[in-house]
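[1] Give me a model of this one.
(2 chains, ligands or ions: 2)
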There are 2 protein chains.
Amino acid sequence: GKAPEGSDFANYFCTYAYLYHQKDMLEDHKRTGAYYNAVMQNRRQFKDKVVLDVGTGSGILAIFSAMAGAKKVYAVEATDMAKHARTLVAHNKFEGVIEVVQGTIETIELPEKVDIIISEWMGYFLLRESMLDSVLLARDKFLKPGGALYPSHARMFMAPMRTNASAGRINDFQNAMYGWSEFLKEMKGFYQVDLDCLSESYRKEQKDYYMSTSAWGNVHPSQLMGPGTCFKKYDLHTITIEELKAELDADISMPIVDACGPVDAFCGWFDVEFKGSEENPADDPVKLPTAPDATGPTHWGQQVFMLHPSIDVAAGDSLATKVKVTRQKVNHRLLELDLDVKVTGNSIHATSEPRQFNWHID
Amino acid sequence: GKAPEGSDFANYFCTYAYLYHQKDMLEDHKRTGAYYNAVMQNRRQFKDKVVLDVGTGSGILAIFSAMAGAKKVYAVEATDMAKHARTLVAHNKFEGVIEVVQGTIETIELPEKVDIIISEWMGYFLLRESMLDSVLLARDKFLKPGGALYPSHARMFMAPMRTNASAGRINDFQNAMYGWSEFLKEMKGFYQVDLDCLSESYRKEQKDYYMSTSAWGNVHPSQLMGPGTCFKKYDLHTITIEELKAELDADISMPIVDACGPVDAFCGWFDVEFKGSEENPADDPVKLPTAPDATGPTHWGQQVFMLHPSIDVAAGDSLATKVKVTRQKVNHRLLELDLDVKVTGNSIHATSEPRQFNWHID
Ligand SMILES: Nc1ncnc2c1ncn2[C@@H]1O[C@H](CSCC[C@H](N)C(=O)O)[C@@H](O)[C@H]1O
Ligand SMILES: Nc1ncnc2c1ncn2[C@@H]1O[C@H](CSCC[C@H](N)C(=O)O)[C@@H](O)[C@H]1O
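    Numbers count the residues shown, from 1 in each chain, chains lettered A, B, ... in the order given. Ligands and ions are numbered 1, 2, ... in the order given. Take a look at the predicted model:
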């Protein structure tokens, strides 16, 4: 089920039309600074080149490209933010170089092919929003052979972690069910209507909400019980849209290094790298990580997938894990994560049967 | 601009598919109890009648109608909540009487005309959600001549009030603008990009958000500085869809009775009445008020429209006010309120020029 175009525009693009939202992204300096460095430390790549900025928002990446000496920058933006981008471009004296085009990249045309596509398309857990689809479409339609994508590579990571938030969630869920029992009594007492037949559905709805929805987290490195394990790499120059849209499957083994208690949750994050293309490699590659970091998170934070009950482990054990990431049926910009987890190792916690988990990333 | 059907479904209907949301409405006993009374105290009207419940949700009003002796009830619901309604109907042994039909009232067909249409269609400030459109459409398509609407009448009210929330809003707005200045400095310092050309747009966006958006309020009667003035009455049997969709204009004078300070805001609310139709009047009319009430609010609360700066008045003055309510252009289910306010009376606060205000009800 692909969501209809109209609803996609209303739901997905809506917030990007507000300056406060663009500001939230711009003032994430780990993010904006990484793009700035990726462009400025590779000026030689941008000098006299034609650049396409997919989803220019405020126009910032187009402006960086122009500052680095690009000959021409097409800055494409779906929402009315395009008008603000135009103002910003003019005010910073780049009207001669940057052309702001309002429209979706899927529907607009450009008068020429481009040397570089730059875009900040990453969502929570990398893939949420599915905006990479649009970047690959732009690549196939507008990028010259040998041209470069900024960023060029992306990776997804997962690690076991401890957190108290997990217990809080169970509590909230139990409170919700307690509230429901009170509600049943009232409905019966006041109106002689028995709603108990909906209790199972309500429990399912609430459980889904409290226990099977991932949470934005500002995870501290000390919460991790082992290193992050990379479960997916994308080379953005070669991956096809079909591969990207297909189910993501991976088999990984996550080592438990530090176990003073059970695994309460999994922590997911990503990084992207700016390495240029094979034909036009970056002179000074830049990385934008979003891993747990004692100096604070990016605006993406990390995704926390809580476990109920938690998984008992000992240091030296591993979590043999089948990972599956798919798009949600009703809204293709949202995700589902399925994990099959088995504890392996010599501790008493080793399991023969995997435990299965499912979360949605809403 | 009518919102496209797809986006309407995604945005508007979405929450109604969750039991927690239906529960929020059901456990508003001032609401649910008023419908219960309206049906049960008028059993004679429902006995052996054919009833249509527009937007049955959990099925509750259809069940009340069946309990009151209806011969047949068509319970129409757009969302998947229809499935839960079906369960509830079966479990409460009304399958013989109630037929749950999943679909929008705009698209479904019924095998017969009905004697009574019951519906809980009221949104914030009465008209938000524009669901009354669907009820009138159902009336014109399915109600027998002389048939009755439950509720049958609706009224909208406004009164001047005092509130500290107003000062808090100004503060939030000023903080947002302070944050913006810091942000400008950072962007200039870190990336040599000057965003000051967007300051006016940001100010407008934030002002709109903090100062021109109405707020849900649980207003206490002691906050009112005068009685509520009715500025609109609807007789649901006679109003046409065209009249309903047209701009709502009214000229009212709101008396200031109790003025120990300026008017900080206007408070808006509504009531509906269940009086039946002229041909089939209710035996025992029921009213569902949502006015400020010391015993606590309905889930609608009141709508609070804050003033910046506030309006100085003295007891004995009146606020001569032109009221205009329109639908928002982008989303026709949301509203705009325009007020032109002049202080009249013998106090020093009397003004010759009206002050103009605009809010959106989002
Ligand atoms: N298919 C598409 N076509 C055009 N713009 C798109 C798009 N999908 C997403 N966008 C836009 O892409 C932007 C992503 S946010 C990044 C904004 C800016 N490049 C920055 O780095 O700060 C949003 O403004 C969104 O409206
Ligand atoms: N045009 C339409 N066709 C069918 N159902 C509609 C509709 N517009 C709104 N609805 C449904 O009407 C309900 C309004 S809420 C009221 C629910 C229930 N009658 C009660 O009183 O508790 C929602 O469930 C919504 O999905």
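[2] for the stretch 151-300 of chain A, what spans make up the helices?
    Along the stretch 151-300 of chain A, counting by DSSP state H, counting those that start in this stretch, helices occupy A:165-191, A:199-211, A:241-245.
[3] which one of those helices lies closest to A:Gln302?
    helix A:165-191 (12.1 Å; Cβ to Cβ). Any C-beta I mention is one placed from the backbone N, CA and C, and that applies to glycine too.
[4] so how far is the closest one off the chain centroid?
    33 Å (Cα atoms, centre = their mean, to the nearest Å).
[5] For it, give the mean pLDDT please.
    What helix A:165-191 shows for mean pLDDT is 95.
[6] How about that helix and chain B, touching?
    Yes - with Cβ under 8 Å from any Cβ of the partner chain as the criterion, chain B is reached by helix A:165-191 at A:176, A:180, A:183, A:186-187, A:190-191.
[7] State the next helix or strand along the chain beyond the helix or strand of chain A with the lowest mean pLDDT.
    Among the helices and strands of chain A, helix A:5-8 carries the lowest confidence by mean pLDDT, DSSP states H and E, at a mean of 56. The C-terminal neighbour of helix A:5-8 among helices and strands, as given by DSSP states H and E, is helix A:19-26.
[8] rewinding a little: pick out the most distant pair among the residues of helix A:165-191 next to chain B.
    Every pair of the residues of helix A:165-191 next to chain B checked by Cβ to Cβ; the farthest is A:Ala176 and A:Tyr191, at 21.7 Å.
[9] ok now stretch A:158-169, how far from the chain's centre?
    The chain centre lies 19 Å from the centre of stretch A:158-169; the measure is Cα atoms, centre = their mean.
[10] Please apply the same query to stretch A:322-334.
    12 Å.
[11] List the buried residues in it.
    A:322-323, A:325, A:327-328, A:331-334 (16 or more other Cβ atoms under 10 Å in any protein chain shown).
[12] cool, and stretch A:111-120?
    Quick answer for stretch A:111-120 (16+ other Cβ under 10 Å): A:114-120.
[13] Between these, which sits nearest ligand 2?
    A:Glu120 (37.0 Å; Cβ to the nearest ligand atom).
[14] Surely the closest one is in contact with A:Met25?
    Yes - counting by Cβ atoms under 8 Å, A:Glu120 touches A:Met25, with 7.4 Å between them.
[15] Touching both of those two, which residues are there?
    A:31, A:57 (Cβ atoms under 8 Å, 6 or more residues apart in numbering or on different chains).
[16] and stretch A:71-81, is it in reach of ligand 1?
    Yes - contact of stretch A:71-81 with ligand 1 (Cβ under 6 Å from any ligand atom) involves A:76-79, A:81.
[17] I'd like these laid out as TSV, including neighbour count.
    Shown next, in TSV, are the residues of stretch A:71-81 next to ligand 1 (neighbours: other Cβ atoms under 10 Å in any protein chain shown):
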residue	neighbour count
A:Val76	26
A:Glu77	29
A:Ala78	22
A:Thr79	22
A:Met81	24
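[18] Serialize those to JSON lines and add fields for pLDDT.
    Formatted as JSON lines, these follow (pLDDT from 0 to 100):
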{"residue": "A:Val76", "pLDDT": "98"}
{"residue": "A:Glu77", "pLDDT": "97"}
{"residue": "A:Ala78", "pLDDT": "96"}
{"residue": "A:Thr79", "pLDDT": "95"}
{"residue": "A:Met81", "pLDDT": "97"}
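[19] Now, those residues that are in helices?
    Among these, DSSP state H puts A:Met81 in helices.
[20] contacting residues around the residue lying closest to A:Ala259 once chain neighbours are set aside?
    With Cβ to Cβ, 6 or more residues apart in numbering or on different chains as the criterion, A:Ala259 has its nearest non-adjacent residue at 4.5 Å, and that residue is A:Ala315. Residues near A:Ala315 by Cβ under 8 Å, 6+ apart: A:256-259.
[21] Buried ones among the residues you listed?
    A:256, A:259.
[22] With respect to B:Ile170, which of the contacts of A:Ala315 is nearest?
    A:Asp258 (49.4 Å).
[23] wait, A:Leu285 sits on A:Lys275?
    Let me fix one detail, which is that residue A:285 is Pro and not Leu. Yes - counting by Cβ under 8 Å, A:Pro285 does reach A:Lys275; the two are 4.5 Å apart.
[24] just to revisit the earlier point, quick one: the residues of stretch A:71-81 next to ligand 1 as TSV, columns for distance to A:Met306 too.
    What follows is those, written out as TSV (distance: Cβ to Cβ, whole Å):
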residue	distance to A:Met306
A:Val76	38
A:Glu77	36
A:Ala78	34
A:Thr79	34
A:Met81	35
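[25] How about the residues of the stretch 251-362 of chain A by ligand 2?
    Residues of the stretch 251-362 of chain A that fall close to ligand 2, judged by Cβ under 6 Å from any ligand atom: none.
[26] Name the residue of the stretch 251-362 of chain A with the shortest distance to ligand 2.
    A:Val330 (15.9 Å).
[27] Wait, a strand at that residue?
    No - looking at A:Val330 with DSSP: H, G, I helix; E, B strand; the rest coil, it is coil, so not inside a strand.
[28] Next one: it from B:Ala17, what distance?
    As for A:Val330, its distance to B:Ala17 is 10 Å (criterion: Cβ to Cβ, to the nearest Å).
[29] Let me see the residues that make contact with stretch A:22-40.
    A:16, A:46, A:57-58, A:60-61, A:64-65, A:67-68, A:81, A:84, A:118, A:120, A:150-151, A:274, A:282, A:286-288, A:298-300, B:180, B:183, B:186-187, B:190-191, B:202.
[30] How about stretch A:291-301?
    Residues contacting stretch A:291-301 (Cβ under 8 Å, 6+ apart): A:24-25, A:28, A:30-31, A:122-124, A:157, A:216-224, A:228, A:267, A:269-271, A:288, A:290, A:302.
[31] I'd say A:Gln302 and A:Phe266 touch.
    No - counting by Cβ under 8 Å, A:Gln302 does not reach A:Phe266; the two are 9.9 Å apart.
[32] Name the residue in the two with the higher neighbour count.
    Neighbour count, other Cβ atoms under 10 Å in any protein chain shown: between A:Gln302 and A:Phe266, A:Gln302 has more, with 31 against 26.
[33] Run through the bridge partners of that one.
    Note on A:Gln302: beta-bridge partners by DSSP bridges are A:Gly217.
[34] Pull the contacting residues for it.
    Contacts of A:Gln302 by Cβ under 8 Å, 6+ apart are A:216-219, A:267-269, A:290-292.
[35] Buried ones among those?
    Burial by neighbour count, 16+ other Cβ under 10 Å: within the contacts of A:Gln302 this picks out A:217, A:219, A:267-269, A:290-292.
[36] Looking at these, spot the one nearest B:Gly146.
    Closest to B:Gly146, out of all of these and judged by Cβ to Cβ, is A:Gly217, at 61.4 Å.
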